[in-house]
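S.K.: pasting the sequence and the predicted coordinates here, then a few questions.
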Amino acid sequence: MERATDKLFYRDRYDVNHLLGKLGRLMASTYDLTGLSQGVLDQMESNLKATNATIVLVKGSRVDWSLTVGSNKSKLVANDIKKLIAAGPNKGSNVLVFDELDEGGVKEIMRKNEFSVVVPLIAERVVIGALILGDKASGDVYTSEDINVLEIIGPQISVAIDNARAYEEIKQFNIKLKKEIEEATSNLRGANKRLRDLDKIKDEFISITSHELRTPMTAVKSYLWMVLNKSGKNLGKKGTDHLNRAYVSTQRTINLVNDMLDVSRIEGNRFEINKEKIDIVELANESMHELIGRAHERKVRLTVQKKKMPFVFVDHDKIYQVMDNLISNALKFTPKGGSITVGFIKRGKFIVVDVRDTGTGISKSDQKRLFKKFGRVESSYTAMAEVGGTGLGLYVSKQIIEMHGGKIWIESEAGKGSTFLFTVPVAKV
């Protein structure tokens, strides 16, 4: 009968240790600010029998966040909360109890807001808010046991809520960061698509323009050659020199157009490789034969090593292009009386081809730019050349060799000549 009466009038006693243990587990396992606060407030309502319980957090001069369980409808004002907390200990306790306060400003604030108990929440010596309880449902005052419990759990709740708020801020930051990353990624995808579209337009422009240029330039070159070699007229030294310069410039333009077409095809994945078994020594001789006239004019000796080598499995025209590019470069930069030699070594499943000249060589710093697009060397090596290059030949050569599964590199020192080497795969027997 007495127990039933106690329950009817909200006078159940609670197990302090059980309550403290439950709150401790809650604070140790919950990092969500709302979940943690809800759990604490539910315990205040169910164990201390508060008609309402609130956790309010302040930041600067405003209420930053609050959560209430029960019937309290009062509007929380940050300055009121701060005044209550700033009032300091009351009769040796940090917990402010309305019935124990002397009349004054603090008690008036509590009366106005219908606060019965205020527990300051202080983390790292900074006021972060308060735990506020309304009247007991029974109409009784809060007991000394209630106040002792609140004094014990106040600092613990402060730390737990401060950690939860930090966790919440990190979570919100991560959500914001994720959103910004997604937005930036979307923008990058859009920009990347636009760049691909522009790149496609560029490739199409280069391809069309190059084709349109190559046809008339080839015709001009042919007519110049006919005037120089088949006209039967005495053009005179000055006229011959002018026509020779026009012929060389035309050939250089054609080479540039061809290189640009190759780069466009390579970068557009349209560069076809048609492999077959070929004699690499014979291919080198073919290239030398094409260049022998220029070599005689410059008084440079061309030599292909006479050596029996296994057949290689490559695209004849593409490797011829690489060979022609390397020997032509060597011829440009080898002084009168010099020599250019093409040699071969079998190394495992590859043949190493080397094009060695007796030119002035290339410094280590300049070598880094050689196989890059438009990677011309700005040094005395280039200055010796009578005909400038496009800066694309070695780049195209590198792409061709790598498409064959080989590699290309240079061995050179300034003043000691240069050796360009590349590898091509041996054909299977």
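M.R.: Yes, it's here.
S.K.: any idea which helix is longest in the protein?
M.R.: Counting residues, the longest helix found in the chain (DSSP state H) is helix 144-229.
S.K.: beyond it, next helix or strand please.
M.R.: Per DSSP states H and E, the first helix or strand lying C-terminal to helix 144-229 is helix 236-267.
S.K.: next, the buried residues of that next one.
M.R.: Neighbour-count burial for helix 236-267, counted by 16 or more other Cβ atoms under 10 Å, picks out 243, 246-247, 250-251, 253-266. From N, CA and C alone the C-beta is placed, and that goes for glycine too.
S.K.: likewise for stretch 336-356?
M.R.: Buried, per 16+ other Cβ under 10 Å, within stretch 336-356: 338-344, 350-356.
S.K.: tell me the one of the residues you listed nearest R125?
M.R.: Within these, proximity to R125 (Cβ to Cβ) peaks at F350, which comes in at 73.0 Å.
S.K.: assign a three-state SS to the residue nearest to that closest one when sequence neighbours are not counted, would you?
M.R.: In space, and not counting its chain neighbours, F350 is closest to T423: 4.2 Å by Cβ to Cβ, 6 or more residues apart in numbering. Put simply, T423 is strand when judged by DSSP: H, G, I helix; E, B strand; the rest coil.
S.K.: what's the burial count for T423?
M.R.: 21 (other Cβ atoms under 10 Å).
S.K.: and the pLDDT at it?
M.R.: Confidence at T423, expressed as pLDDT, is 96.
S.K.: any idea how far it is from V396?
M.R.: 17 Å (Cβ to Cβ, to the nearest Å).
S.K.: same question for W65.
M.R.: 65 Å.
S.K.: in terms of neighbours, single out the busier of those two.
M.R.: The neighbour count for W65 versus V396, taken as other Cβ under 10 Å, is higher for V396 (25 against 17).
S.K.: who's in contact with the closest residue to that one other than its chain neighbours?
M.R.: Setting aside the residues directly before and after it, V396 is nearest to D262 in space (Cβ to Cβ, 6+ apart), at 4.7 Å. By Cβ atoms under 8 Å, 6 or more residues apart in numbering, the residues touching D262 are F271, L392, V396.
S.K.: isn't the first one up against M403?
M.R.: I take that to be F271. Yes. Using Cβ atoms under 8 Å, F271 makes contact with M403 at a distance of 7.2 Å.
S.K.: show me the shaky parts of the stretch 51-200 of the chain.
M.R.: Applying pLDDT under 70 to the stretch 51-200 of the chain flags residues 72-74, 88-93.
S.K.: do the stretch 201-350 of the chain as well
M.R.: For the stretch 201-350 of the chain, the ranges with pLDDT under 70 are 210-211, 231-232.
S.K.: and the next helix or strand past the strand or helix carrying E402?
M.R.: Assigned by DSSP H and E, E402 belongs to helix 393-403. Remark: after helix 393-403, the chain's next helix or strand is strand 408-412, criterion DSSP H and E.
S.K.: domains in the chain, by residue range?
M.R.: 2-175, 189-267, 276-425 (automatic domain parsing).
S.K.: dump those domains to CSV, plus distance to E182.
M.R.: Formatted as CSV, the domains of the chain follow (distance: least, Cβ to Cβ, whole Å):
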stretch, distance to E182
domain 2-175, 11
domain 189-267, 10
domain 276-425, 34
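S.K.: which parts of the stretch 301-429 of the chain are helices?
M.R.: 316-333, 364-367, 380-383, 393-403 (DSSP state H, counting those that start in this stretch).
S.K.: mind putting those helices into a markdown table with distance to A414?
M.R.: Below are the helices of the stretch 301-429 of the chain laid out as a markdown table (distance: least, Cβ to Cβ, whole Å):
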| stretch | distance to A414 |
| --- | --- |
| helix 316-333 | 12 |
| helix 364-367 | 8 |
| helix 380-383 | 8 |
| helix 393-403 | 18 |
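S.K.: closest to D32 out of these?
M.R.: Closest among these, once you apply Cβ to Cβ, is helix 393-403, at 55.1 Å.
S.K.: which residues does V312 contact?
M.R.: So V312 contacts K277, I278, I280, I319, I351, V424, P425, V426, A427 (Cβ under 8 Å, 6+ apart).
S.K.: next, give me the two most distant ones among these.
M.R.: I319 and V426 (13.3 Å).
S.K.: quick one, which of the two is more surrounded?
M.R.: Under the criterion of other Cβ under 10 Å, the comparison of I319 against V426 puts I319 first, with 26 against 19.
S.K.: ok, back up a step: which strands and helices lie in contact with the helix holding E402?
M.R.: Counting contacts by 3 or more Cβ pairs under 8 Å, 6 or more residues apart in numbering; DSSP states H and E, helix 393-403 packs against helix 236-267, helix 316-333, strand 408-412, strand 418-425.
S.K.: once you drop chain neighbours, what's closest to Q38?
M.R.: Q38's closest residue in space is L67 (Cβ to Cβ, 6+ apart), at 6.6 Å.
S.K.: quick one: that neighbour is in a strand?
M.R.: Yes. Counting by three-state DSSP, L67 is found in a strand.
S.K.: for it, give me its contacts.
M.R.: So L67 contacts T34, S37, Q38, L41, T54, I55 (Cβ under 8 Å, 6+ apart).
S.K.: tell me the one among those residues nearest to H289.
M.R.: Using Cβ to Cβ, these come closest to H289 at T34, 85.5 Å.
S.K.: in a helix, the closest one, correct?
M.R.: Yes. Assessed by three-state DSSP, T34 belongs to a helix.
S.K.: burial measure for it, as a count.
M.R.: The number of residues packed near T34 is 13, by other Cβ under 10 Å.
S.K.: look up how far R165 lies from it.
M.R.: Distance of T34 to R165, computed by Cβ to Cβ: 11 Å.
S.K.: same check, this time on V227
M.R.: Distance from V227 to R165, by Cβ to Cβ: 89 Å.
S.K.: who has more neighbours out of the two?
M.R.: R165 (20 against 16).
S.K.: excluding sequence neighbours, find me the nearest residue to the more buried one.
M.R.: L33 is the one closest to R165 (Cβ to Cβ, 6+ apart), at 5.6 Å.
S.K.: quick one: residues contacting the one you found.
M.R.: W65, I161, A164, R165, Y167, E168.
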